[in-house]
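Novice: Okay, predicted coordinates and the sequence, questions at the end:
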Amino acid sequence: MGFEESALARLRRYREEADRSLAARRGIEEAARRFSGRLFAGLEHTAALARAAGFGAEAERVTGLLVLRAEAAAGTGEARVTFALVPGTAAETEEDLMHEELSRYTLVPSGYSGGVLGWSEAAGAEPCQVFAVYGDGVWKTRGLFVAKARGRVGDPDEVLNGFCLRILGRLVDLAALTGGAGRRWADGSYTLRDHLEGRAFPTTTRFPR
């Protein structure tokens, strides 16, 4: 076999492997998109129920984001969390978020996950809720609003809406400072200059475990 024939045979194998990899990644991305759509719809539904119960609650979708707000009473201040589907896939290495059948060394696309992240101003600049979504429909999460949970993209609406109710309930806790939720004084430098320049004293957001 000459060089050209050998090279073509090898490149065709590369083509087959690349096609399988791309198809797997597209499946993961689609699963993450489906999950984010169902999560956002569930949060919108539970926000409507919260309004019926007398809370100030809104879920607003803006350019690929969902902003969930809760207010215990008018003028008392609100708590909010913003969720977004992040583009792309990558191998998950966080123990709490890894698929049960995978290890931290599984880097092939079947070990990759898509992500939905949540941010809250009360928790600083970094994501405070992280969802990992896998191609087979499994999702896992950990963070401030839900310490640890898992499910499937195809779970019934009642199951996913119940999960969304947990998130909204935690947001109400944060807005009303009920159940021991709220901000705690934190370690860190805070000088007179910080105070005179209007900087806030360092705090952290926590919920009772």
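Specialist: Right, received. Where do you want to start?

Novice: This structure: helices as residue ranges?
Specialist: In the chain, the helices defined using DSSP state H lie at 3-52, 157-176, 192-196.

Novice: Could you export those helices as TSV, including distance to Leu68, mean pLDDT and mean neighbour count?
Specialist: Quick note: C-beta positions are derived from backbone N, CA and C, even for glycine. As requested, the helices of the chain are exported to TSV (distance: least, C-beta to C-beta, whole Å; pLDDT from 0 to 100; neighbours: other C-beta atoms under 10 Å):
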stretch	distance to Leu68	mean pLDDT	mean neighbour count
helix 3-52	5	93	15
helix 157-176	6	91	19
helix 192-196	31	92	10
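
Novice: what's the burial count for the nearest residue to Glu126 once chain neighbours are set aside?
Specialist: Of all residues not flanking Glu126 in the chain, Trp119 sits nearest, at 7.7 Å (C-beta to C-beta, 6 or more residues apart in numbering). Trp119 has 19 neighbours, counted by other C-beta atoms under 10 Å.

Novice: What's the biggest strand in the protein, counting residues?
Specialist: Looking across the chain with DSSP state E, the single longest strand is strand 78-91.

Novice: Give me the contact list for stretch 170-180.
Specialist: Outside stretch 170-180, the residues that touch it by C-beta atoms under 8 Å, 6 or more residues apart in numbering are 50, 55, 57, 68-73, 76-81, 120, 122, 144-146, 181-182, 205, 207-208.

Novice: meant to ask about stretch 188-202
Specialist: The contact list for stretch 188-202, computed with C-beta under 8 Å, 6+ apart, reads 185-187.

Novice: Give me the buried subset of these.
Specialist: Buried residues within the contacts of stretch 188-202, defined by neighbour count using 16 or more other C-beta atoms under 10 Å: none.

Novice: now the longest strand of the chain: mean pLDDT?
Specialist: For strand 78-91, mean pLDDT is 91.

Novice: mind listing what Arg152 touches?
Specialist: Contacts for Arg152 (C-beta under 8 Å, 6+ apart) come out as 137-139.

Novice: coming back round to it: Throw the helices of the chain into JSON lines and include distance to Asp96, thanks.
Specialist: Below are these laid out as JSON lines (distance: least, C-beta to C-beta, whole Å):
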{"stretch": "helix 3-52", "distance to Asp96": "17"}
{"stretch": "helix 157-176", "distance to Asp96": "16"}
{"stretch": "helix 192-196", "distance to Asp96": "35"}
